[in-house]
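Student: Below are the sequence and a predicted model for it; my questions follow.
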Amino acid sequence: MDIFIKSKLIPALTALLLCLGLPNAASAAIALYDYGFNIDGTTTVFGDPLPTAIDASGFDFNTGLGSIDITLTGFGTHSVIGFFDHEIDEPINTYFNELGSASGAPTAGQSWEIDEPDQAFGDIVANFFAGSLDNSVGANFADDVSMAMGWDFTLALGEQALISLALGTSAPGGFFLQHNDPNSQESIFLSGTLGIFPVNPIPVPAAIWLFGTGLLGLIGFSRRKLAA
């Protein structure tokens, strides 16, 4: 399969149905056509084994809906991008009738892009591989739609990052991207969060014990000083 490339041939019957504006009686069919991850410049695309940093146990690779967690460690700067190319009711009304939009304000270090995934028409794929999304909706008219979201961040010694991506059919809170099929009135929403935590946080009882022994040591030291 030629990754991220679609044929622009339109079946005659499908195009006729779309032009006539016939309603879709069945529930919207959602499918994941392509996806990719760019982690610190290393890309994983459709058909590649997922790196151990990615937990996709909560994600359906057929529909492209669910949750994906990416855990990174290591002192220094890091970057993560997730790319998703869905189709909504493609057998009924094709894939080139869809729209994309962004809602809310991204957080510090967060980047995003919505654009036509065919490299002859949009630059989202090139930006994905370059690790630099342009924070824009590439086309303001109905077309094929794909979405990408990423973060740039820095980890200190002893820190780890957890990036959580969520794709669903209900609008989330905060900042999110939307892929909409106006014919079937179905949408896919992409949102995500970045959290930075200690790699091995000290359990509360152990932390209290360490604090207590340290305090006792200081008291003993103070007493020796006073008695001197």
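Tutor: Great, that's in hand.
Student: ok now stretch 166-179, how far from the chain's centre?
Tutor: 11 Å (C-alpha atoms, centre = their mean, to the nearest Å).
Student: That stretch spans what distance, first to last residue?
Tutor: Counting by C-alpha to C-alpha, to the nearest Å, you get 13 Å between the two ends of stretch 166-179.
Student: Go through that stretch and flag the buried ones.
Tutor: 166-167, 175-179 (16 or more other C-beta atoms under 10 Å). (C-beta placed from N, C-alpha, C; glycine too.)
Student: what do you get for stretch 56-72?
Tutor: For stretch 56-72, the neighbour count (16+ other C-beta under 10 Å) marks 56, 59, 64-65, 68-70, 72 as buried.
Student: biggest separation within the residues you listed, which pair?
Tutor: Farthest-apart pair in those is Leu65 and Leu72; separation 23.9 Å (C-beta to C-beta).
Student: Contact partners for the nearest residue to Ile124 once chain neighbours are set aside?
Tutor: In this structure, Ile124 finds its nearest non-sequential neighbour in Asp115, 3.6 Å apart by C-beta to C-beta, 6 or more residues apart in numbering. With contact taken as C-beta atoms under 8 Å, 6 or more residues apart in numbering, Asp115 is in contact with 100, 122-124, 136-139, 145-146.
Student: Quickly name whichever of these is closest to Phe189.
Tutor: The shortest gap between Phe189 and any of the contacts of Asp115 belongs to Gly100, at 11.1 Å (C-beta to C-beta).
Student: got the contact list for the host helix or strand of Gly195?
Tutor: Here Gly195, judged by DSSP states H and E, is contained in strand 186-198. With contact meaning C-beta under 8 Å, 6+ apart, strand 186-198 is reached by 28, 30, 64-65, 82, 84, 86, 88-89, 107, 109-110, 147, 149, 151, 153, 155, 158-172, 174-181.
Student: same question, stretch 171-179
Tutor: For stretch 171-179, the surrounding residues in contact (C-beta under 8 Å, 6+ apart) are 86, 88, 98-107, 110, 112, 114, 145-147, 149, 166, 187-191.
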